[in-house]
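Asker: Sharing a model prediction with you, sequence too.
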Amino acid sequence: MNQDNQGLDFSTVIASTVHDLKNSLSALIQAHNQWLARLPEALQGGAEQGVMEHEFRHLNGMLVQMLGLYKLGVNQLPVCPDYHELDDFIEAQLAAHEEVLKHRDILATWRIDTESPLGFFDRELVASVLANVLTNAIRYAGHTLLIGIEEEGEQLVISVNDDGAGYPQRMLERQQDYVQGIDQQSGSTGLGLYFAARIAALHERNGVHGRIEIANGGALGGGLFRLYLP
């Protein structure tokens, strides 16, 4: 027997492990929420609770990304675009981060500037991208976040802007090379942007593929992430 055939493919092992980790994390989050609900109201808030909420969401987002990247690698990540109400979509994304935003004392607002109230995209995949972007924006924001939706040419543009220090210059200069290795200062691997770019590119119309851009500035002056969907 060939040595390569003596065991499971390592990527399959990793994917199975990540799936089990995600299930364990979901059980941990559920148990934590049940425990929290039994506490006196005076003990339910605080900075520590904000940290736990944020890190739970951060861990879940990373596991979702890893599973998504595995499925992309084996061509098992289908794209199922459909029409979605944009205001409903954005409100759902913010609702998922409501507790973290509250504990971090961050005001999150949204603005839609399009002629059509509908967008055509894979809701689950785009939501997974925004979940990761919002988690990172919450980590680095001062006190404000802004989600915007607008049209540019024939593309729908979803943006996330914060009032923090912005993206490091190194990331801006190498943003086409999203997997940049671990940044020893921030701990960033670039995998989140790589995942977002791959998901964006899966959306295609008339030969035009989706893409992402990062910059500093925008209405709030900090980091500005843009997702372009044809």
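Answerer: Sure thing, it's come through. Numbers count the residues shown, from 1 in each chain.

Asker: residues in contact with Glu124?
Answerer: Under the criterion of C-beta atoms under 8 Å, 6 or more residues apart in numbering, the neighbours of Glu124 are Cys80. For the C-beta atoms, the positions are set from N, CA and C on the backbone; glycine is no exception.

Asker: what separates whatever helix or strand it lives in from the chain centre, distance-wise?
Answerer: Element membership for Glu124 (DSSP states H and E) is helix 123-140. A distance of 2 Å separates the centroid of the chain from that of helix 123-140, by C-alpha atoms, centre = their mean, to the nearest Å.

Asker: and the next element down the chain from it?
Answerer: For helix 123-140, the following helix or strand on the C-terminal side (DSSP H and E) is strand 144-152.

Asker: Contacts made by that following strand with the rest, please.
Answerer: By C-beta under 8 Å, 6+ apart, the list of residues contacting strand 144-152 reads 86, 90, 93-94, 101, 106-115, 119, 130, 134, 137-138, 156-163, 218-220, 228.

Asker: change it to 6 Å
Answerer: 86, 90, 106-114, 137, 157-163, 219-220 (C-beta atoms under 6 Å, 6 or more residues apart in numbering).

Asker: Could you list the alpha-carbon positions for it in PDB?
Answerer: Presented in PDB, the C-alpha positions along strand 144-152 are these (Å, rounded to 0.1, in the frame of the first residue of the first chain):
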ATOM      1  CA  THR A 144     -18.600  54.300  16.100                       C
ATOM      2  CA  LEU A 145     -19.200  52.000  13.100                       C
ATOM      3  CA  LEU A 146     -21.000  52.600   9.900                       C
ATOM      4  CA  ILE A 147     -22.300  50.100   7.400                       C
ATOM      5  CA  GLY A 148     -23.100  51.500   4.000                       C
ATOM      6  CA  ILE A 149     -24.700  50.100   0.900                       C
ATOM      7  CA  GLU A 150     -24.500  51.900  -2.400                       C
ATOM      8  CA  GLU A 151     -24.200  51.300  -6.200                       C
ATOM      9  CA  GLU A 152     -21.100  51.900  -8.100                       C
END
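
Asker: Quick check: buried residues in that strand?
Answerer: Of the residues in strand 144-152, those buried under the neighbour-count criterion (16 or more other C-beta atoms under 10 Å) are Thr144, Leu145, Leu146, Ile147, Gly148, Ile149.

Asker: okay, those residues in JSON lines with distance to Ile214 next?
Answerer: Converted to JSON lines, the buried residues of strand 144-152 look like this (distance: C-beta to C-beta, whole Å):
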{"residue": "Thr144", "distance to Ile214": "18"}
{"residue": "Leu145", "distance to Ile214": "15"}
{"residue": "Leu146", "distance to Ile214": "15"}
{"residue": "Ile147", "distance to Ile214": "15"}
{"residue": "Gly148", "distance to Ile214": "15"}
{"residue": "Ile149", "distance to Ile214": "17"}
